[in-house]
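# 3D model of this:
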Amino acid sequence: MDINQIRSAEMIARCGNFSKAAERLYITQPSLSQQIHRLEEELGFVLFDRTTRSVKVTEKGETFLQHASALLSAYERLLEEVEHLRGSTGRSLQVGVLPTFTHLNLLDTLHQFQTHQEDVSVNLQIYNSSALIDHLLSNQLDVVIANIFSDQLQSLGKNTVLTPLSRDCIHVVLHEKHPLADRSAIRIEDLNHRNIIMLNKTSSIRRHMDTALTEAGVVPARVYECPAIHSMEGMIQSNVGVGFLSSRVAARYAVPPIISRPLLPEIPTMTAVLYRKNAQEIELLDEFCRFILDSAR
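This is a model prediction of the structure:
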C-alpha cells in the first residue's frame with residue numbers, strides 16, 4: 001500500500017461518497033475506485049460497504065482508518081520536518097495548475113524540481129485557466145500551467161513568457177446510447193436543439209464553446225451548468241446531455257458508458273507554461289520552465 005491509497009480511503013470515509021472524495025482529491029471516480037480495490041485486495045478485507053446511495057465503513061475498515069489517520073498525521077509532520085531541515089532561504093514559487101493536472105505526473109515533477117532546487121519552496125494552487133491567468137497577471141501567482149486558446153496568444157504574449165507544453169482540441173463527451181454516439185465525429189451544428197452540459201462560466205472551455213455555438217447559430221434545447229468535471233461526468237452517465245473537454249482529459253473520463261468524439265470544426269487549445277516578463281525571479285522561472293518541458297518529453 002502507499003500513502004495516496006491511505007489518504008484516498010480516509011477521504012472516502014470523511015465524505016461518505018466516492019464522487020465527492022474523488023472531487024476533493026482531484027482524480028476521477030474510476031481511478032479512485034481502482035485505488036481502493038487494489039488496497040482492499042492487498043489488505044485482504046473490505047474497507048467500505050457500498051450501495052447505490054451511500055458508502056459505509058466496515059468494522060475492519062474502522063480499525064484500519066484509526067491507524068491510517070495517525071499515520072497520515074505522522075507523515076505530514078515528517079514533511080514539515082524535512083522542509084525545516086532543508087533550511088529554506090525564503091525563496092518560493094507560487095505555481096498555479098488546473099484541477100485536471102494534479103492527478104498526472106505533474107505532482108511528481110514539482111517534487112523533483114523542489115528536490116533539485118533545495119532552497120526553493122513550491123506552493124501549489126489550483127484554479128481553472130481563466131483564474132490562473134488572472135492571478136498570474138495580478139502578481140498572485142509566479143507561474144501557471146494552463147490551457148490557452150489561439151485568440152489569447154497575442155495579448156498574453158505582450159506581458160508573459162509563453163512556452164507551449166502540448167497541443168490539444170475540444171472533444172464532445174456523451175453517453176454511449178446518446179443519439180449522436182454512433183458518429184465518428186460530431187459537427188457543431190449537430191448540437192442544435194440538444195441538451196448541453198457546461199462547466200461554469202469561469203472555465204476557458206465554456207467561454208470558447210459559448211462563442212463557437214453562437215457563431216454556428218446553435219440553439220441548445222437546454223443548458224445545464226456544472227461546478228466541476230465530476231458533476232458533468234455524473235450527468236453524462238445519466239444521459240442528460242453532452243459535455244465538452246479537451247481530448248486528453250476526455251480520454252481519461254471515457255469509461256463506459258461515457259465515450260468521447262472529436263468536435264468539428266476543430267477548436268484547438270494549447271497547454272502552456274506562462275510567467276510574467278517582468279518577474280523578479282526570472283532566472284528561477286526560466287529554470288522551472290525548462291524543467292517542466294524536459295519532464296514532459
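# so how many other residues sit close to Ser121?
15 (other Cβ atoms under 10 Å). (Each C-beta comes from the backbone N, C-alpha and C, glycine too.)
# CA atoms of stretch 127-138 as PDB?
Written as PDB, here are the backbone C-alpha positions of stretch 127-138 (Å, rounded to 0.1, in the frame of the first residue of the first chain):
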ATOM      1  CA  TYR A 127      -7.800  27.100 -10.400                       C
ATOM      2  CA  ASN A 128      -9.400  27.000 -13.900                       C
ATOM      3  CA  SER A 129      -7.500  28.500 -16.800                       C
ATOM      4  CA  SER A 130      -9.200  31.900 -16.700                       C
ATOM      5  CA  ALA A 131      -8.500  32.400 -13.000                       C
ATOM      6  CA  LEU A 132      -4.900  31.100 -13.400                       C
ATOM      7  CA  ILE A 133      -4.200  33.800 -16.000                       C
ATOM      8  CA  ASP A 134      -5.900  36.500 -13.900                       C
ATOM      9  CA  HIS A 135      -3.900  35.600 -10.800                       C
ATOM     10  CA  LEU A 136      -0.700  35.500 -12.900                       C
ATOM     11  CA  LEU A 137      -1.200  38.900 -14.400                       C
ATOM     12  CA  SER A 138      -2.200  40.400 -11.000                       C
END
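# Go ahead and confirm Tyr275 touches Val161.
Yes: Tyr275 is within contact range of Val161, at 5.5 Å (criterion: Cβ atoms under 8 Å).
# So the two - more neighbours on which side?
Tyr275 (24 against 18).
# how much space between that one and Lys158?
Here the criterion is Cβ to Cβ, to the nearest Å. By it, Tyr275 lies 14 Å from Lys158.
# Repeat that for Val223.
According to Cβ to Cβ, Val223 stands 34 Å off from Lys158.
# still on that earlier bit, anything in contact with each of Tyr275 and Val161?
Common contacts of Tyr275 and Val161, defined by Cβ atoms under 8 Å, 6 or more residues apart in numbering, comprise 285, 289.
# neighbours around Lys208, how many?
No, residue 208 isn't Lys; it's His. Using other Cβ under 10 Å, His208 has 20 other residues around it.
# quick one: it is in a strand?
No: secondary structure assignment places His208 outside any strand; it is helix (DSSP: H, G, I helix; E, B strand; the rest coil).
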